[in-house]
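Trainee: Got a sequence here, can you model it:
(2 chains)
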Amino acid sequence: AQSVTQLGSHVSVSEGALVLLRCNYSSSVPPYLFWYVQYPNQGLQLLLKYTTGATLVKGINGFEAEFKKSETSFHLTKPSAHMSDAAEYFCAVRRSGGSYIPTFGRGTSLIVHP
Amino acid sequence: EAGVTQSPTHLIKTRGQQATLRCSPISGHTSVYWYQQALGLGLQFLLWYDEGEERNRGNFPPRFSGRQFPNYSSELNVNALELEDSALYLCASSQPGAIYEQYFGPGTRLTVT
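Mentor: Sure thing, here's the model as predicted:
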């Protein structure tokens, strides 16, 4: 079985500050890992994904995430928050073999203060 | 390129009624996935259709069903609606061979009163 835990249902930062959204997973086999963003009244948009290879993954809008196998983590970061980054962020994990269906975390709402 | 489209945007039903939600995937995508996003629960996988066949099903009762048409569009049916079925229902699609890269539609907000 696989599961995803996103620490903190809400994260609040000031504009220009570092963004750090935490994601820990459990998986019995090497995982594929994803971060999605959901803006109000919209569907989910893929930010970045890790499948194999380089453990530091760069995505859209200046976000990046690092796969740390020893810590079973895939935290999402951005050096400088913009007001437009305010949204709901979801981490997801999928087994590299077997079911193609990802398991999603409960989401973290990012609030950006001016 | 048009994205995944869903209709209707909002749907209000009474407990015990049936709801039908529709999804059109991106052109060239053959797989369609349905998810339920209830408040505070994240996304729960409902159904996966590929090439007209149901490939996988989440942990939902049989009153949640669907189908995929020859043009790859899909329909989700929820029978005997219950209050806890109120949620945002998201549809996603993917290309053949890129099943892990899903593109999501804006969702249908179902409210059961």
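
Trainee: which stretches of chain B have low pLDDT?
Mentor: By pLDDT under 70, the low-scoring segments of chain B are B:1, B:99-100.

Trainee: Residue A:26 touches residue A:73, doesn't it?
Mentor: No. Under the criterion of C-beta atoms under 8 Å, residue A:26 is not in contact with residue A:73, lying 11.0 Å apart. Heads up, the C-betas are built off the backbone N, CA and C, glycines and all.

Trainee: what about these two, which has more around it?
Mentor: residue A:73 (18 against 13; other C-beta atoms under 10 Å in any protein chain shown).

Trainee: State the distance from residue A:76 to residue A:50.
Mentor: 11 Å (C-beta to C-beta, to the nearest Å).

Trainee: out of those two, which sits in the busier spot?
Mentor: Counted by other C-beta under 10 Å, residue A:76 and residue A:50 do not tie: residue A:76 has more neighbours, with 24 against 19.

Trainee: residues touching the single nearest residue of chain B relative to chain A, list them.
Mentor: Residue of chain B nearest chain A, by C-beta to the nearest C-beta: residue B:104 (3.4 Å). Residue B:104 makes contacts with A:36, A:43, A:44, A:45, B:4, B:90, B:91, B:92, as judged by C-beta atoms under 8 Å, 6 or more residues apart in numbering or on different chains.

Trainee: Tell me how many other residues crowd the residue of chain A found nearest chain B.
Mentor: Per C-beta to the nearest C-beta, residue A:43 is where chain A lies closest to chain B, at 3.4 Å. Close neighbours of residue A:43, defined as other C-beta under 10 Å, add up to 22.

Trainee: Chain neighbours aside, what residue packs nearest to the spatially most central residue of chain B?
Mentor: What sits nearest the mean C-alpha location of chain B, by C-alpha atoms, centre = their mean, is residue B:34, with 3.2 Å. Nearest non-adjacent residue to residue B:34, counting by C-beta to C-beta, 6 or more residues apart in numbering or on different chains: residue B:46, 4.1 Å away.

Trainee: thought that neighbour was touching residue B:78?
Mentor: No. Using C-beta under 8 Å, residue B:46 is not in contact with residue B:78, being 9.5 Å away.

Trainee: and chain B, which of its residues are near chain A?
Mentor: When proximity is defined as C-beta under 8 Å from any C-beta of the partner chain, chain B approaches chain A at B:4, B:33, B:35, B:40-45, B:48, B:55-56, B:58, B:90, B:92, B:99-107.

Trainee: Drop anything exposed from the residues you listed.
Mentor: The neighbour-count test (16 or more other C-beta atoms under 10 Å in any protein chain shown) marks B:4, B:33, B:35, B:42-45, B:48, B:55, B:90, B:92, B:99-100, B:102-107 as buried among these.

Trainee: check contacts around the residue of chain A closest to chain B.
Mentor: Residue A:43 makes contact with B:4, B:90, B:92, B:104, B:105, B:106, B:107, according to C-beta under 8 Å, 6+ apart.

Trainee: if you set the cut-off to 10 Å instead, what comes out?
Mentor: By C-beta atoms under 10 Å, 6 or more residues apart in numbering or on different chains, the residues touching residue A:43 are A:36, B:3-4, B:6, B:35, B:37, B:88, B:90-92, B:102-107.
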